[in-house]
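[1] Pasted the sequence and its predicted model underneath.
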Amino acid sequence: MIRPTVTLAYAQTLDGRIAARDGSSRWISGAESLARTHQLRASHDAIMVGIGTVLHDDPRLTVRLATGRDPLRVVIDRTLRTPPTAAVLRDGAGVGTWVVCAENASLAQRDTLRATGATLITVPEDANQHLDLLATLQLLAQRGISSVMLEGGSRLITSMLTAQLIDRVAITVAPKLLGTGVAVFGDIGIQTMDHALQLHNPVYTPCGPDIWIEAEVRYAH
Ligand SMILES: NC(=O)c1ccc[n+]([C@@H]2O[C@H](COP(=O)([O-])OP(=O)(O)OC[C@H]3O[C@@H](n4cnc5c(N)ncnc54)[C@H](OP(=O)(O)O)[C@@H]3O)[C@@H](O)[C@H]2O)c1
């Protein structure tokens, strides 16, 4: 069954952190990279984030620093912890937001979120009590979504990469250091250097003080 193509986009410090120890990530990248991120948003059908990112950062996930239409917003939220006051739902934003939850998620919370205009989608859970991400992408494809920009956070990115569901990356590297903080990837099942995931056709573009790196992800098997 078909799924949308997925571009992973995030901003990291030079030492590979996507957030500080306290979870804050605003702002790792500079103004030029942020504008480029908004351009990238406008070229995708949907933006996807995990519930952790909604709760931590309360992003709007709209196109404001570039011209173009707002993509659909998709929040991966198994137990429906998204508050109806979240920026992706409030002030009419809900009509452009789909919240993906488990089949046993609270019916009352579904009604609360639907009242903001949001669309609720249920998908099965996998053996780790995570939402089945391939099933999620296939449902999006069935509903006409052919490209997804995955914008975080760490846990969702790790699951998506482990499931080999990321096709391209657009990584902003900012000349900042954080030391301890949130790493972009957790365990993606690689034990040894020979098995490192190789990115192909990388393009490195200076972007204000940052470097913007685009590349293709190809899985060995
Ligand atoms: N620098 C950047 O570009 C950037 C961008 C975005 C976020 N961030 C940072 O990332 C941090 C948030 O990351 P996070 O890891 O806490 O949250 P996250 O990845 O946004 O969301 C993770 C949550 O999604 C739910 N989920 C459902 N199905 C899943 C699956 N198959 N795999 C993984 N998660 C699934 C789980 O919640 P349930 O237990 O409810 O199922 C999980 O705890 C924040 O500090 C934020 O600032 C940085």
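    On my side now, so go ahead.
[2] Now residue 32: phi and psi?
    Residue 32 adopts backbone torsions of phi -70, psi -40, taken as degrees, to the nearest 10.
[3] Then residue 135?
    Residue torsions, per degrees, to the nearest 10, at residue 135 are phi -60, psi -40.
[4] Can you tell me the closest non-neighbouring residue to it?
    Closest residue to residue 135 apart from its sequence neighbours, by Cβ to Cβ, 6 or more residues apart in numbering: residue 123 at 4.7 Å. C-beta coordinates here come from the backbone N, C-alpha and C atoms, glycine included.
[5] Kindly give the local confidence score, pLDDT, for the one you found.
    In this prediction, residue 123 carries a pLDDT score of 98.
[6] again, but for the one 10 residues further on
    Looking at residue 133, its pLDDT is 98.
[7] That one contacts residue 160, doesn't it?
    Yes: with contact defined as Cβ atoms under 8 Å, residue 133 reaches residue 160; the gap is 5.9 Å.
[8] Now tell me what touches stretch 60-74 from outside.
    31, 34-39, 41-49, 87-88, 93, 96-100, 140, 145, 148-149, 151 (Cβ atoms under 8 Å, 6 or more residues apart in numbering).
[9] so of the residues you listed, which ones are in strands?
    Per DSSP state E, strands hold the following members of the contacts of stretch 60-74: 46-49, 97-100, 148-149.
[10] Quick check: bridge partners of the residue nearest to residue 135?
    residue 102 (DSSP bridges).
[11] State the distance from it to residue 20.
    32 Å (Cβ to Cβ, to the nearest Å).
[12] more crowded one of those two?
    residue 123 (20 against 17; other Cβ atoms under 10 Å).
[13] any weak-confidence spans in this structure?
    By pLDDT under 70, the low-scoring segments of the chain are 221.
[14] how does it look with 90?
    Applying pLDDT under 90 to the chain picks out residues 1, 127-128, 220-221.
[15] what about the helices in it?
    31-42, 51-57, 107-114, 133-142, 154-162 (DSSP state H).
[16] Distance to the ligand and mean neighbour count added to those helices, as JSON lines?
    Compiled in JSON lines, the helices of the chain are given as follows (distance: least, Cβ to the nearest ligand atom, whole Å; neighbours: other Cβ atoms under 10 Å):
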{"stretch": "helix 31-42", "distance to the ligand": "8", "mean neighbour count": "19"}
{"stretch": "helix 51-57", "distance to the ligand": "2", "mean neighbour count": "20"}
{"stretch": "helix 107-114", "distance to the ligand": "12", "mean neighbour count": "15"}
{"stretch": "helix 133-142", "distance to the ligand": "5", "mean neighbour count": "19"}
{"stretch": "helix 154-162", "distance to the ligand": "3", "mean neighbour count": "20"}
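[17] Take those and lay them out in CSV including distance to residue 187.
    Converted to CSV, these look like this (distance: least, Cβ to Cβ, whole Å):
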stretch, distance to residue 187
helix 31-42, 27
helix 51-57, 17
helix 107-114, 31
helix 133-142, 16
helix 154-162, 7
